[in-house]
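[1] kindly return the folded structure for what I paste below:
(one chain, ligands or ions: 1)
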Amino acid sequence: MMGIDWSRWMNGYSCLVMVVPAEVAAVKNFAMTMRKAVVLVSGGLDSATTLALAKAEGYEVFAISFDYGQKHRFELESAAKVCESLGVSKHVVFTLDLSAFGGSALTSAIEVPKDRNEAQMNAEIPITYVPARNTVFLSVALGWAETLGACDLFIGVNAVDYSGYPDCRPEFIEAFEKLANIATKSGVEKTQIWKIHTPLISLTKGEIIKVGLNAGVDFGLTHTCYDPAEDGRSCGHCDACLLRLKGFADLGMSDPAKYVQ
Ligand SMILES: [Zn+2]
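    Residues are numbered from 1 along each chain as shown. Alright, predicted model coming up:
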């Protein structure tokens with residue numbers, strides 16, 4: 001028989017599921033447990049906001065970024081700046097070269113689509129989709145989290161102002177959360193309940209920016225563009241730039257990122 005599932009009401013403090021009659025011990029353990037979370041940080045606007053929200057919820061944050069064979073380095077430089085700015089216990093850049101497979105405009109010579117309107121963005125999964133990327137990334141993050149004794153993963157996926165990627169949808173996150181509870185030692189032994197946190201999943205880009213600003217994100221440190229100039233300035237025409245620019249415009253604000261004129 002299971003004891004109290006503290007995770008249902010102690011957001012951020014949730015890890016322990018104690019067996020009756022150890023509930024008194026659970027309270028003691030709860031008070032002493034460091035609340036660790038692994039946050040996926042790409043260097044973009046969404047992941048920076050997600051990191052800030054994890055911090056605001058009181059987690060000790062361990063950040064992971066992926067050097068996955070993307071065509072430019074600017075987002076990894078931004079990830080390091082964001083982590084330094086918001087403060088994390090550790091930032092790991094994990095090398096996992098998906099360009100070995102190619103198949104995406106972000107990891108191969110395929111051109112990044114430009115100036116697509118909303119209807120075009122919604123019509124199909126674009127060539128900037130990196131095959132199974134979030135499944136791969138979350139799997140690596142899951143392994144690190146279990147090693148750390150954490151059971152909370154944060155990922156800044158968004159299913160509103162996004163490019164139709166299948167691995168940004170709530171169905172995917174729910175399925176991965178189930179997987180985490182089945183695939184890990186801690187999940188099987190019921191010492192932890194895994195939770196995949198997606199605080200941005202139902203927000204518009206404008207709402208994400210607003211939440212991020214309130215949580216102390218410096219968006220000037222973030223990098224969003226799929227196809228930046230050699231000096232790092234954003235193109236202003238790829239899907240990622242267009243969605244970002246629309247987000248700031250919806251708030252009546254200008255984007256602090258630098259764009260090619
Ligand atoms: Zn761009």
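[2] only C-alpha atoms for contact and neighbour calcs from this point on.
    OK.
[3] got the residues of this structure near the ion?
    Residues of the chain lying close to the ion by CA under 5 Å from the ion are 225-226, 234-236, 238, 241.
[4] I'd like these as TSV, with secondary structure appended.
    TSV is the format used below for those (DSSP: H, G, I helix; E, B strand; the rest coil):
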residue	secondary structure
225	coil
226	coil
234	strand
235	coil
236	coil
238	strand
241	helix
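[5] what residue in this structure comes nearest to the ion?
    Here the residue of the chain nearest the ion is residue 225; by CA to the ion that distance is 3.6 Å.
[6] and that residue, how far is that from residue 204?
    Distance of residue 225 to residue 204, computed by CA to CA, to the nearest Å: 18 Å.
[7] more neighbours, the two?
    Set residue 225 next to residue 204 and count neighbours by other CA atoms under 10 Å: residue 225 wins out with 25 against 18.
[8] so the more buried one touches residue 235, yeah?
    Yes. Using CA atoms under 8 Å, residue 225 is in contact with residue 235, at 6.6 Å.
[9] what is in contact with the two at once?
    residue 241 (CA atoms under 8 Å, 6 or more residues apart in numbering).
[10] mind listing what the residue nearest in space to the middle of the chain touches?
    Central residue of the chain (CA atoms, centre = their mean): residue 155, 2.6 Å from the mean position. Residues near residue 155 by CA under 8 Å, 6+ apart: 39-41, 47, 50, 196-199.
[11] would you write a ChimeraX line that selects the buried entries of those residues?
    Of those, the buried ones go into a single ChimeraX selection, burial set by 16 or more other CA atoms under 10 Å:
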select :39,40,41,47,50,196,197,198,199
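[12] in strands, which of the contacts of residue 155 fall?
    Among the contacts of residue 155, the members found in strands (DSSP state E) are 39-40, 196-197.
[13] where along this structure do the strands fall?
    Going by DSSP E, the chain shows strands at 2-5, 17-19, 36-40, 60-67, 90-95, 152-154, 195-197.
[14] quick check: angle from the third one to strand 90-95?
    Think strand 36-40. With axes from the mean of the first three to the mean of the last three CA atoms, to 10 degrees defining the directions, strand 36-40 sits at 40 degrees from strand 90-95.
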